[in-house]
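*Asks:* Sequence first, predicted model second:
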Amino acid sequence: MDLRLEVSERGGWSVVEVGGEIDVATAPRLREQLIALVNDQRYHIVVSLEAVDFIDSTGLGVLISGLKRVRTHGGRFVLVCTEPRILKVFEITGLLAVFNVCSSIEEAIVLEAEAAEEAP
């Protein structure tokens with residue numbers, strides 16, 4: 001299966017909607033997209049995994065590196081995921097404690113905007 005990436009802008013956030021499989025063959029495309037956004041000074045990123053069917057350790061590594069890259073610039077990196085199979089991967093790897101995971105793109109943008117206002 002192939003990887004689908006769609007990037008849009010919503011309320012000062014870059015939204016990357018991902019579909020298909022994020023694995024050793026397709027993860028480099030996602031990595032390149034996240035690097036391009038940061039290079040364009042887009043430091044508030046939402047990655048929607050709603051249409052992802054499978055993610056392996058390479059895909060998880062890409063998301064972790066994206067999170068680190070954004071945080072070095074003081075930005076925010078949020079995942080959107082409600083698919084139980086994908087959430088289970090984050091749960092068993094302990095990554096639910098690392099990533100902010102929301103149930104919709106709108107929720108991610110609103111909650112993160114509120115958190116940014118409350119931050120010192």
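*Replies:* Everything's here; your move. Residues are numbered from 1 along each chain as shown.

*Asks:* packing partners for the top strand by length along the chain?
*Replies:* Longest strand of the chain, by residue count under DSSP state E: strand 44-55. Packing partners of strand 44-55 (3 or more Cβ pairs under 8 Å, 6 or more residues apart in numbering; DSSP states H and E): strand 13-22, helix 27-39, helix 57-71, strand 76-80, helix 84-92, helix 105-118. C-betas here are computed from N, CA, C, even on glycine.

*Asks:* Let me know which of these is tucked in deepest.
*Replies:* strand 76-80 (a mean of 23; mean count of other Cβ atoms under 10 Å).

*Asks:* What's opposite the residue lying closest to E107 once chain neighbours are set aside in the beta bridge?
*Replies:* Closest residue to E107 apart from its sequence neighbours, by Cβ to Cβ, 6 or more residues apart in numbering: V80 at 7.8 Å. With beta bridges defined as DSSP bridges, V80 has these partners: S48, C102.
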